[in-house]
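J.: okay, predicted coordinates and the sequence, questions at the end:
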Amino acid sequence: MKYLRLVVIVMLAISSFNLASCSVGMAMHGKEDVNLSSITVGQDRSIVLMHLGQPYRTFANENGRVDTYAVERGNAPSVGRAAGHAVMDLLTLGLWEVIGTPIEGFAGEEFTITIEYSSDDKLKSVATTPGKSAMGSLK
């Protein structure tokens, strides 16, 4: 009887490690926040591309060009959050994943950045909009 109980405990511990680490992995692989303070009016487009990367959409208008970015903030990779999820996974034998994974899934705020350039590719204006646009979800 003691042997059977020990086997059940070991099997539960092994299965908890298989269930574990979704929230741990999500906490470790978040996205760094975008530094909008490095973007200023009058900058050349190449400098903006260096800071933000390639936009998901670019189109030309009568005055120049418009770039659109879909970004997320508040979901930077965190060793502390990952360690907290790992400890909770161990203490609850993996049941924490039912709570921890949705917590990590809803972490961060998505928004859209629209940058307008003049005809000589100098930044004219920057606008942010909460949420991702339809094209941003395809990225």
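T.: The structure has been received and is ready for your questions. This structure is a prediction, so every number in the text was calculated from the model and none was measured.
J.: contacts, neighbours, all on C-alpha from now
T.: Noted.
J.: count the neighbours of residue 24 for me.
T.: The criterion is other Cα atoms under 10 Å. On that basis, residue 24 has 24 neighbouring residues.
J.: doesn't it belong to a strand?
T.: No - looking at residue 24 with DSSP: H, G, I helix; E, B strand; the rest coil, it is helix, so not inside a strand.
J.: may I ask you to confirm that it is in contact with residue 89?
T.: No - using Cα atoms under 8 Å as the test, residue 24 is too far from residue 89 to be in contact (9.1 Å).
J.: in a helix, that's where residue 41 is, yeah?
T.: No - assigned with three-state DSSP, residue 41 falls outside any helix and is coil.
J.: give me the neighbour count for it.
T.: Neighbours of residue 41 (other Cα under 10 Å): 13.
J.: could you do residue 51 as well?
T.: What residue 51 shows, counting by other Cα under 10 Å, is a neighbour count of 13.
J.: ditto for residue 130
T.: 13.
J.: residue 91 and residue 56: what is the separation?
T.: 42 Å (Cα to Cα, to the nearest Å).
J.: again with residue 65
T.: Separation of residue 65 from residue 56 (Cα to Cα): 14 Å.
J.: okay, those two: which has more neighbours?
T.: Under the criterion of other Cα under 10 Å, the comparison of residue 65 against residue 56 puts residue 65 first, with 20 against 14.
J.: what residues are up against that one?
T.: Residue 65 sits next to 58-59, 116-119, 121 when contact means Cα atoms under 8 Å, 6 or more residues apart in numbering.
J.: hmm, 10 Å instead?
T.: For residue 65, the residues meeting the contact criterion (Cα atoms under 10 Å, 6 or more residues apart in numbering) are 45, 58-59, 115-124.
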